[in-house]
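In: Sharing a model prediction with you, sequence too.
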Amino acid sequence: MRVAVIGGGPGGLYFAALAKQLSPLWEVTVWERNAPDDTFGFGVVFSDETLDGIAQADPEIFDAMSADFARWSDIDVRYKDRVLTSGGHGFAAVGRKRLLQILQERCATLDVDVRYRTPAPPVAELAAEYDLVVACDGVRSATRDTYAETFVPDLDERHSRYMWLGTDKVFEAFTFIVAEQDFGTLQVHAYPFDDTRSTFIVEMDEDAWRRAGFEKFAARDHPPGTSDEDSIRLCEEILAGHLDGHRLLPNNSKWIRFTTVRNRTWRHDNVVLLGDAAHTAHFSIGSGTKLAMEDALALAACLHEHPGVSTALTAYEAERKPVVESTQRAAQASLEWFENIGRYTGQDPHQFAFNLLTRSRRVTYDNLRERDEEFTSTVDSWHTTAHTAITRPTGTSVPPMFRPFQLGGLHLRNRVVVPPTALYTARDGIPGEFELVHLSTQALGGSGLVFAGMTAVSPQGRATPGCPGLYSGEQEAAWRRITDFVHRQSDTCVGIQLTHAGRRAATGTPGRDGRCAPLGDEGWPLIAASPLAWDAASTLPREATRDDMDHIVRDFVSAAERADRAGFDALELQYGHGHLMSGFLSPLTNVRADVYGGSLGNRLRFPLEVLRAVRAAWPAGKALIIRISAADWAEGGTSEADAVAIARALADAGADAVDISTGEVVAHERPRYGRSYQTPYADLVRNATRIPTIAVGAISTYDDVNSIILAGRADLCAVGRAQLHDPLWTLHAAAAQNYTGPAAPWPPSWTAGSGKPPGARSDRIAPRLQLLREPAAPVHQRWLPHSEAAAPAPATAR
C-alpha cells in the first residue's frame with residue numbers, strides 16, 4: 001500500500017503513525033506546508049474516552065502525552081460576581097505544540113516520510129499515484145472543494161464572533177466567564193494546558209461585537225501570521241477583573257466566525273476526508289483535534305480489518321459518521337445556547353450555571369448529580385425555594401418534575417403533562433369506551449395534567465371520521481361521563497384540545513407511515529385561510545369568508561362552553577400542525593390579500609379573535625392553553641421572531657400558557673428530529689417572553705424532564721409516546737427516583753406495586769475480591785502549576 005496524507009496536523013500525523021504501526025511495509029507519506037515547529041492555537045482538551053482509545057492504540061504516544069497533561073475535574077462558572085463550581089467532570093489538556101512534537105517524533109521512529117514546508121501535489125495526481133489519499137487539510141479543504149460534487153459539503157457559518165487567545169494566567173479549572181457589559185454579553189471559554197499558560201477564547205454575538213468597537217479593529221489589514229493587537233488590548237481592558245494582572249497572548253489571533261462543516265459523504269474513490277475537512281463541532285463541547293484523532297484511529301483500524309480500500313472506507317464512514325453526527329447535534333445545541341446567551345442572563349446564578357452545564361443535552365440532571373451531588377443539591381434547593389416557597393429539611397429533595405405549578409387558575413401537583421393524543425376511535429364524534437379507558441389510565445398514571453386530543457368544534461372541523469367532537473349534546477354527555485369517572489378516581493387535572501382541522505380535514509385514519517389519504521367523495525368540503533391543498537393528492541379547500549369566520553368563532557365558543565359543562569379543568573386550542581388557525585398564522589399557508597393576510601399582525605387577527613371570544617366564555621379559574629407550531633421546518637415559514645411575537649400576542653389575548661410544538665404545517669417540511677428536538681423553541685419563547693411554556697416532542701426520560709424544568713427551558717413537559725408505551729410512566733419515574741410524596745400518588749388499589757420490582761439476579765450479593773480498595777477519586781480536582789497534587793475542593797458557590 002502507498003498512502004498519501006495531505007496535512008501534518010495531529011489528525012494526519014496520528015493516522016500516519018497508526019497505519020505504519022499496523023502495517024510496517026506500507027509506504028506512508030505526509031505533506032505539510034508549514035515548518036515542524038509552526039503551530040497555531042494553544043491547548044487541546046481530551047476526554048477520558050478518547051484517551052482510553054489512544055492508550056490502547058499506541059501506548060508510547062499516550063505515555064508521552066500523559067507526562068505533559070494538565071488534569072482537573074472542575075468547571076467554574078463566573079457569572080454576576082459569583083463563582084459556581086461543578087466537579088467530577090474529568091479533563092486532560094496538552095499544548096498543541098507539544099502534541100505535534102510527540103506525534104512528529106513517533107512518526108520519525110516509525111519511518112513515516114513527513115515532508116515539512118512542502119505543499120501537497122494536486123489531489124488528482126496523488127489519487128492516480130497512490131492507493132489511498134487521506135485529506136486532513138482543514139476547514140478550508142482544497143480536497144473537499146475539488147470533489148465537491150461527490151462530497152456535497154454544507155458549510156454553515158454562524159453569527160457570533162470569537163478569537164482564539166492564550167494567557168499567562170493559569171486557570172485551575174475549565175472556566176466559563178460570562179461578563180455583562182454595556183454593549184452586551186461577552187463570554188470566555190478558558191482552560192489550562194500546562195504550568196504557565198491557558199487557552200482563552202473570547203466570544204460574543206455580532207451586535208455586541210459591533211457596539212463594543214471591535215469592528216473598526218477587525219476591518220484593518222492583518223496579514224497571515226499576525227494578530228489583531230488592538231482588539232486583544234481591548235479584551236484585556238474589559239476582562240481585567242478576571243485576568244488578575246496577566247496578559248493575553250496572541251498567535252495568529254483574529255476575529256472569526258465558526259463554520260460547522262458537514263458532508264453528505266466523506267469518500268471519493270480512493271480519497272477520504274478526515275478531521276475538519278470532513279466535519280467540525282463547536283469548540284464549546286470539545287476540540288476538533290480530539291475528533292480528528294478519533295477519526296484517525298477508526299480509519300487505521302478499518303484499513304487493517306478490511307481487505308480492500310473501497311470496503312475499508314465504506315466501513316470507516318459507516319462506523320464513524322454516526323458518532324460524529326451525534327457530537328455535532330450536541331455541539332449545535334451548545335453553539336446556539338452561546339449565540340443566544342442573552343436570553344438567560346436574567347436567570348439566578350444557580351439556574352444559569354445548571355443551564356450552561358446541561359446546554360448540549362449530553363449532560364443531564366442525573367448525570368450532574370452523579371458527578372457532583374453537592375452542586376446539584378444546591379441548585380435543587382434554590383429551585384424548590386424559588387418556585388414553591390417551601391423549605392424542606394436538610395437532606396431531602398424533590399425532583400424538579402414533582403414540584404407543583406400554578407397554570408393560570410389551575411394548581412398542578414407536578415410538571416408532567418400527557419399531551420393530546422389522536423385515538424381515531426370515536427363514532428359520529430362521540431367518544432366511547434376506548435377514550436374512557438385511555439384518559440382514566442393516563443390520569444391514574446400520575447401526571448399532573450392529561451389532555452383529550454384533537455376534538456373538533458364542528459362536523460366539518462374533524463380531521464378524520466374517527467375524531468371526537470364537542471358540538472352536540474350527546475358528545476358533551478359522553479365527555480361528562482369520562483371526566484366524572486376520572487375525577488372520582490384521582491385528583492389529576494383533565495383538559496381537552498379543541499380544533500378545526502382546516503385543509504387537513506376529511507382524511508382517513510393515518511397508516512403506518514403516518515400519512516392520511518383524503519376521503520374523496522365520502523368526505524366533506526374544506527375551508528382554509530387560503531385555497532392551498534396540503535399536497536397534490538389532497539382536496540383543494542376554499543378560502544374562508546368573513547361569514548365562515550363568524551360561524552367558526554361561534555363554533556369554538558360553543559365547544560368551550562360545552563367543555564366547561566363537561567367537567568374539563570383545562571382547555572387547549574390547536575393553533576399549530578397545519579390546522580385552520582395554524583393556516584392563518586403561517587406565511588406559507590396564508591396568502592390572503594385582505595386584512596387577514598400579509599403581515600404577521602394581519603395573520604394573527606382571526607386567531608386572536610377566536611381566542612378572545614373563547615377566553616370570555618371560559619372560566620377564569622380554569623387554564624387556557626394554545627398550541628402553536630413555532631417553526632414550519634420549511635424555507636420562508638414562521639421565524640423565531642414570529643414565534644415569539646405570536647406567543648406574546650396570545651398571552652396578551654388571555655392565554656395562560658403556550659404549548660410549543662413545530663411543523664406539520666406544510667407537506668414539504670424537513671424537520672430535524674432528535675431527542676427533545678422541539679424543546680429549544682419552548683426555551684426561546686419562555687426566556688424571551690416569560691410566558692409559561694409546555695415543551696413537547698421526543699421527551700421520553702424523567703432525566704430529560706428534570707433537566708428541562710431545572711434549567712428553565714420550559715415550565716411543563718408533555719411526554720407523549722413514552723406514556724403510550726407505559727401509561728404509568730410518571731409513577732414509575734417517581735419509584736425510580738425514590739420519590740414517594742404527594743406529587744405522584746399511587747391509586748390505593750395499586751400501592752402494592754409502587755415499589756420497583758426486583759430484577760434478574762438482584763438477590764445476588766457480590767463478594768469482596770480486592771484486598772485493598774482503590775480510593776474514590778475526589779469530586780473536585782484543580783490544576784495547580786508545578787504540582788501533581790489536586791488542589792483543595794472549593795465551595796460549591798462563593
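Out: Thanks, I have it. Residues are numbered from 1 along each chain as shown.
In: residues contacting Ser447?
Out: 414, 416-418, 492, 719, 723, 729-730 (Cβ atoms under 8 Å, 6 or more residues apart in numbering). Every C-beta, even on glycine, is put in place using the N, C-alpha and C of the backbone.
In: could the residues you listed be laid out in TSV, adding pLDDT and neighbour count?
Out: Compiled in TSV, those are given as follows (pLDDT from 0 to 100; neighbours: other Cβ atoms under 10 Å):
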residue	pLDDT	neighbour count
Asn414	97	30
Val416	98	29
Val417	98	29
Val418	97	30
Thr492	96	25
Val719	97	26
Gln723	95	24
Trp729	97	22
Thr730	97	30
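In: Out of these, which comes closest to Phe151?
Out: Val719 (39.5 Å; Cβ to Cβ).
In: Now the spatially closest residue to the closest one that is not a sequence neighbour: phi and psi?
Out: Leaving out its chain neighbours, the residue that sits closest to Val719 by Cβ to Cβ, 6 or more residues apart in numbering is Ile699, at 5.4 Å. When read as degrees, to the nearest 10, the backbone of Ile699 gives phi -100, psi 120.
In: what separates Ile699 from Val416, distance-wise?
Out: Look at Ile699 and Val416: by Cβ to Cβ, to the nearest Å, they are 10 Å apart.
In: Which neighbours do those two have in common?
Out: With Cβ under 8 Å, 6+ apart as the test, Ile699 and Val416 both reach 705, 717, 719.
In: so of those, which ones are in helices?
Out: Among these, the members falling in helices (DSSP state H) are Val705.
In: Output the shared contacts of Ile699 and Val416 as CSV; include the columns distance to Ala776.
Out: Shown next, in CSV, are the shared contacts of Ile699 and Val416 (distance: Cβ to Cβ, whole Å):
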residue, distance to Ala776
Val705, 29
Cys717, 34
Val719, 35
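In: Just the endpoints, please. Distance across stretch 728-745?
Out: End-to-end span of stretch 728-745 (Cα to Cα, to the nearest Å): 11 Å.
In: which residues are contacting it?
Out: The contact list for stretch 728-745 (Cβ under 8 Å, 6+ apart) reads 398-399, 401-404, 413-414, 416, 444-448, 490-491, 702, 705, 719, 722-723, 726, 746, 754-756.
In: In strands only, show me these.
Out: Judged by DSSP state E, strands contain the following of the contacts of stretch 728-745: Val416.
In: Can you say which of the contacts of stretch 728-745 are buried?
Out: Neighbour-count burial (16 or more other Cβ atoms under 10 Å) applied to the contacts of stretch 728-745 gives 398-399, 401-404, 413-414, 416, 444-448, 490, 702, 705, 719, 722-723, 746, 754.
In: Regarding the protein, what is its longest helix?
Out: The longest helix of the chain (DSSP H) is helix 309-339.
In: buried stuff in that helix?
Out: Of the residues in helix 309-339, 309, 312-313, 315-317, 320-321, 324, 327-339 count as buried by neighbour count, 16+ other Cβ under 10 Å.
In: what do you get for stretch 30-49?
Out: 30-32, 34, 39, 41-47.
In: same deal with stretch 200-208?
Out: For stretch 200-208, by 16+ other Cβ under 10 Å, it's 200-205, 208.
In: which sections of the protein are below the confidence cut-off?
Out: Along the chain, segments meeting pLDDT under 70 span 388-396, 786-798.
In: Just give the nearest non-adjacent residue to Ala296, would you?
Out: Spatially, and ignoring its direct neighbours in sequence, Ala296 is nearest to Phe15 (3.6 Å; Cβ to Cβ, 6+ apart).
In: quick one, helices of the stretch 651-798 of the chain?
Out: Counting by DSSP state H, counting those that start in this stretch, the stretch 651-798 of the chain has these helices, from start to end: 679-689, 702-711, 721-725, 729-736.
In: Oh, that last question was meant for the stretch 351-500 of the chain, not what I typed.
Out: Using DSSP H, counting those that start in this stretch, helices in the stretch 351-500 of the chain cover 365-371, 373-388, 433-444, 473-489.
In: can you list those helices in a markdown table and add distance to Leu248?
Out: Listed next are the helices of the stretch 351-500 of the chain as a markdown table, based on distance: least, Cβ to Cβ, whole Å:
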| stretch | distance to Leu248 |
| --- | --- |
| helix 365-371 | 31 |
| helix 373-388 | 30 |
| helix 433-444 | 57 |
| helix 473-489 | 63 |
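In: With Ala760 as the reference, name the closest of the ones you listed.
Out: helix 365-371 (22.9 Å).
In: give me every residue that touches Val398.
Out: By Cβ under 8 Å, 6+ apart, the contact list for Val398 reads 380, 384, 392, 739, 741, 743.
In: okay but Gly9 is in contact with Ala135, surely?
Out: No. In this structure Gly9 lies outside contact range of Ala135 using Cβ atoms under 8 Å: 11.6 Å.
In: related to what we said a few turns ago, what residues does the residue nearest to Val719 make contact with?
Out: Ile699 makes contact with 675-676, 679, 705, 708, 717-720, 722 under the criterion Cβ under 8 Å, 6+ apart.
In: related to what we said a few turns ago, quick check: angle from the longest helix of the chain to helix 702-711?
Out: 30 degrees (axes from the mean of the first three to the mean of the last three Cα atoms, to 10 degrees).
In: Show me how far helix 309-339 is from its chain's centre.
Out: Computed by Cα atoms, centre = their mean, to the nearest Å, the chain-centroid distance of helix 309-339 equals 15 Å.
In: Stretch 65-84 now?
Out: That offset, for stretch 65-84, works out to 24 Å (Cα atoms, centre = their mean).
In: try stretch 204-222
Out: Remark: stretch 204-222 is offset 29 Å from the chain centroid, using Cα atoms, centre = their mean.
In: for that stretch, how far is the first residue from the last?
Out: With Cα to Cα as the measure, stretch 204-222 spans 21 Å from end to end.
In: And for stretch 704-721?
Out: By Cα to Cα, one end of stretch 704-721 lies 14 Å from the other end.
In: buried sites along it?
Out: Going by neighbour count (16+ other Cβ under 10 Å), the buried part of stretch 704-721 is 704-720.
In: same check, this time on stretch 588-600
Out: By 16+ other Cβ under 10 Å, the buried positions in stretch 588-600 come out as 588-590, 592, 596-597, 600.
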